[in-house]
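Undergrad: Got a predicted model here, sequence first, then my questions.
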Amino acid sequence: MVSTTQAARIPLTKRLGSARVYLGALIILVWGLGPFYWMVVTAFRDPAYVFDNTPWPSHLTLTNFQNAFDTSRGNNFGRAVANSVIIGLSTTVIALVIGMMAAYSLARIQFRGKRIVAALVLSASMFPVVVLVTPLFQLFTDTGWIGHYQAMIIPNISFALPLTVYTLSSFFSELPWELEEAARIDGASRFQAFRLVMLPLAAPAVFTTAILAFIAAVNEYLLSRLLSADATEPVTVAIARFSGNDPLVPPYSAIMAAGTIVTVPLVIMVLLFQRRIISGLTAGGVKS
């Protein structure tokens, strides 16, 4: 422990600097978690007190969660959760399979136009989604895909691929070349060296990318609102369409309960695997 005398020797400017860092972190924490906290509080609060400004939980009830799954008013939240899982998992798996091979090619193979391809992949992540709404709606209307899963999975894949390729290519480029060369000398093909040697080393980055791609696919709303039907709508669309006893008053308590059901598992997943996520975003391939 640091004694009082040693603490007094710490320069005042250094202590003020540390205090500013902690204060800034506290402000960011409150700013980021404040809406989430209020959503959870409202989810457990009696609907009659939904506009109560008490900052701590009060008038607790589980009725809101029952109302969230109630189908008597046209809501089908349970089916929407299953749809989001199907869309999110399909998007994540396909984006990872394609993205891993593309990222490996960009990081390890020299070919003409490599920088142009990398720039195009990165620029695709900055393309505004709203510009694609009308062309995609017309395209999927002509093909008869409106209201089907593929109408939402395919656009989500195109949005997840830039993130996948960008994250994994940076990680693959840091892996030691010697491991791949040793596998090739032992008779492995390039694909075998990638699958058996490089891919296991990139597991933290793959895991991180999978979580980020899944969360992005589950949170997508704009295209899903236009391209889905009642049987295929994800949770983002279902929650926005929630209806209560009064058609003119949104059921805020049930909406908060549904948002809590969707958000809390994702938060728990990120907290449980935060070490893998951090290592995937920051660590290289060399391990001691």
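TA: Alright, I've got the coordinates.

Undergrad: I'd like to know how far Phe242 sits from Thr71.
TA: Remark: distance between Phe242 and Thr71 (C-beta to C-beta, to the nearest Å) = 12 Å. All C-beta atoms are positioned from the backbone trio N, CA, C, and that covers glycine.

Undergrad: do Ser224 as well
TA: 20 Å.

Undergrad: These two: which has the busier surroundings?
TA: Ser224 (25 against 10; other C-beta atoms under 10 Å).

Undergrad: Met126: what secondary structure?
TA: Assigned with DSSP: H, G, I helix; E, B strand; the rest coil, Met126 falls in the coil class.

Undergrad: What's the local residue count around it?
TA: By the criterion of other C-beta under 10 Å, Met126 has 7 neighbours.

Undergrad: For Asn67, which non-adjacent residue is closest in space?
TA: Nearest in space to Asn67, with sequence neighbours left out and distances taken as C-beta to C-beta, 6 or more residues apart in numbering, is Ala254 at 4.1 Å.

Undergrad: Verify the stated contact: that neighbour with Asn64.
TA: Yes: applying C-beta atoms under 8 Å, one finds Ala254 in contact with Asn64, separated by 5.5 Å.

Undergrad: Those two: which has the busier surroundings?
TA: Set Ala254 next to Asn64 and count neighbours by other C-beta under 10 Å: Ala254 wins out with 27 against 23.

Undergrad: Now the residue nearest in space to the middle of the chain. Nearest residue, chain neighbours left out?
TA: Closest residue to the average C-alpha location of the chain: Ile215 at 2.3 Å, with C-alpha atoms, centre = their mean. The shortest distance from Ile215 to any non-neighbouring residue, by C-beta to C-beta, 6+ apart, is to Leu266 (6.0 Å).

Undergrad: Next, that neighbour: phi, psi?
TA: phi -70, psi -40 (degrees, to the nearest 10).

Undergrad: burial measure for Glu174, as a count.
TA: Glu174 has 14 neighbouring residues, counting by other C-beta under 10 Å.

Undergrad: Against Arg115, how distant is it?
TA: In this view, Glu174 and Arg115 are 18 Å apart by C-beta to C-beta.

Undergrad: And for Arg275?
TA: 34 Å.

Undergrad: cool, and Ile157?
TA: Plainly put, Ile157 is 24 Å away from Arg115 if you go by C-beta to C-beta.

Undergrad: okay, the two: which has more neighbours?
TA: Per other C-beta under 10 Å, whichever of Ile157 and Arg115 has more neighbours is Ile157, with 21 against 9.

Undergrad: quick one, what contacts the more buried one?
TA: By C-beta atoms under 8 Å, 6 or more residues apart in numbering, Ile157 lies in contact with 91, 94-95, 98.

Undergrad: just curious, which of these is nearest to Val81?
TA: Nearest to Val81 among the contacts of Ile157 is Thr91, at 15.8 Å by C-beta to C-beta.

Undergrad: State the number of residues packed around that closest one.
TA: Neighbourhood size, Thr91 [other C-beta under 10 Å]: 26.

Undergrad: who does the strand or helix carrying it touch, helix- and strand-wise?
TA: Per DSSP states H and E: Thr91 is located in helix 77-108. In this structure, helix 77-108 packs against helix 114-124, helix 150-174, helix 203-219, helix 235-240, helix 252-272, with contacts taken as 3 or more C-beta pairs under 8 Å, 6 or more residues apart in numbering; DSSP states H and E.

Undergrad: Any idea which of these gets closest to Phe36?
TA: So among these, helix 252-272 is nearest, using C-beta to C-beta, at 6.7 Å.

Undergrad: which parts of the closest one are buried?
TA: With burial defined by 16 or more other C-beta atoms under 10 Å, the residues of helix 252-272 counted as buried are 252-263.
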